[in-house]
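In: kindly generate the corresponding structure for this input.
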Amino acid sequence: RNQLTVLDPAIGKCLALVSVSLESNNLKYLPSSLGLATKLKKLAVTGNALVSPPEVVVRKRSLEWVLNYMRACYNCGITGAMQLISMEMSELPTDLFDYTGTTKLLL
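Out: Down below sits the predicted model:
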């Protein structure tokens, strides 16, 4: 068992990633840049107290949805616009309000 508390945002540069196993660490945040890893087929994060993206979102939604959400968060950091159109949400993820640089929220 590892005791990772931080995952370097540079992981998003690993565009060929297919599988990431981060189970049973001490992670609270996954870097939004992980959404850039579009070839990712498996993301295992159980056993962490995730705040962003919220663990409940990661468990209930498909990996594709989670990666799209993380990509939207990543792009928001660049453009200031949080674009969540067509994401079929019934409620807003709790970490959405952590992006203090958001100037536009598109739902």
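In: only C-alpha atoms from now on, for both contacts and neighbour counts.
Out: Will do.
In: can you give me the strands in the chain?
Out: Here the chain has its strands, by DSSP state E, at 19-21, 42-44, 81-83, 104-106.
In: among these, show me which one is buried the most.
Out: Mean neighbour count (mean count of other Cα atoms under 10 Å) peaks for strand 81-83 among these, with a mean of 19.
In: what lines up beside that strand in the sheet?
Out: Here strand 81-83 is paired, per DSSP bridges, with strand 104-106 (parallel).
In: could I get the average pLDDT for the partner strand?
Out: Per-residue pLDDT values across strand 104-106 average out to 94.
In: pull the distance from that strand to the chain's centre.
Out: Here strand 104-106 is found 18 Å from its chain centre; the criterion is Cα atoms, centre = their mean, to the nearest Å.
In: again with stretch 89-104
Out: Relative to its chain's centre, stretch 89-104 lies at 12 Å (Cα atoms, centre = their mean).
In: so for residue 62, which of the strands of the chain sits nearest?
Out: strand 42-44 (10.2 Å; Cα to Cα).
In: partner strands of the closest one and their direction?
Out: Sheet pairing for strand 42-44, assigned by DSSP bridges, gives strand 19-21 (parallel).
In: need the strands of the chain in JSON lines (columns: distance to residue 8).
Out: Output for the strands of the chain, formatted as JSON lines (distance: least, Cα to Cα, whole Å):
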{"stretch": "strand 19-21", "distance to residue 8": "13"}
{"stretch": "strand 42-44", "distance to residue 8": "16"}
{"stretch": "strand 81-83", "distance to residue 8": "22"}
{"stretch": "strand 104-106", "distance to residue 8": "26"}
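In: residue 57: which of those is closest?
Out: Among the strands of the chain, the nearest to residue 57 by Cα to Cα is strand 42-44 (12.8 Å).
In: show me what that closest one is in contact with.
Out: Strand 42-44 has contacts (Cα atoms under 8 Å, 6 or more residues apart in numbering) with 18, 19, 20, 21, 22, 23, 63.
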